[in-house]
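A.B. asks: coords please:
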Amino acid sequence: MEIRHLTRGYAVSPQIAPEDVEAIKAAGFTTVIDNRPDAEIPPELHTDRLRAAVEAAGLAFVVNPVVGGAITMDNVTGQAAAIAAASGPILAYCASGNRSSIVWALSQAGAVPTDDLIGAAAQWGYNLEPFRPQIETLARA
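C.D. replies: All right, here's what the predicted structure looks like:
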């Protein structure tokens, strides 16, 4: 597991496993957002198993599955709601962290400058530049 901080309060990671939860808690995270659909992963990494491990550790767990290439406004508003409800630092995961970065940036449009959103993701190799028009449209809404 590699935690990639986009901000002080929001980080992304490739797929986590139940055995990663104690390290996630020790790193100070209070909320875990699952952005990966179960159809992509083996049963031992499915949402129900991760939810059980995360909640057993006393952390909040939010399910917001994002299908690659098919991000919806429900995904964006779901991510925004999870971020707003969090009591502390958030770790969001998907296959690589890319989708978790995209929905974060879209959910923060208007609250954070577009260049800052794109730059935060770029430091970890996530190219959000193709989403610039969408981020800017959401920022104006």
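A.B. asks: show me the contacts for the nearest residue to T114 once chain neighbours are set aside.
C.D. replies: Among residues not flanking T114 along the chain, I135 sits closest, at 5.0 Å (Cβ to Cβ, 6 or more residues apart in numbering). The way it works is simple: take the backbone N, C-alpha and C, and place the C-beta from them, glycine included. Counting by Cβ atoms under 8 Å, 6 or more residues apart in numbering, I135 makes contact with A105, L106, A109, T114, L117, I118, L128.
A.B. asks: Swap in 7 Å and give it another go.
C.D. replies: A105, L106, A109, T114, L117 (Cβ atoms under 7 Å, 6 or more residues apart in numbering).
A.B. asks: Those: which two are farthest apart?
C.D. replies: Pairwise distances across those peak at 10.7 Å for L106 and T114 (criterion: Cβ to Cβ).
A.B. asks: Once you drop chain neighbours, what's closest to L106?
C.D. replies: In space, and not counting its chain neighbours, L106 is closest to V76: 4.5 Å by Cβ to Cβ, 6+ apart.
A.B. asks: scratch that, R4
C.D. replies: W124 (4.3 Å).
A.B. asks: Give me the phi and psi for the one you found.
C.D. replies: phi -110, psi 10 (degrees, to the nearest 10).
A.B. asks: Just the strands from this structure, written as ranges.
C.D. replies: Secondary structure of the chain (DSSP state E): strands at 4-5, 10-13, 31-34, 60-63, 90-93.
A.B. asks: With just CA atoms, put the last one into CSV.
C.D. replies: In this case it means strand 90-93. Written as CSV, here are the backbone C-alpha positions of strand 90-93 (Å, rounded to 0.1, in the frame of the first residue of the first chain):
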residue,chain,number,x,y,z
ILE,A,90,-9.4,10.6,4.5
LEU,A,91,-7.9,7.8,2.5
ALA,A,92,-9.7,7.0,-0.8
TYR,A,93,-8.7,4.0,-2.9
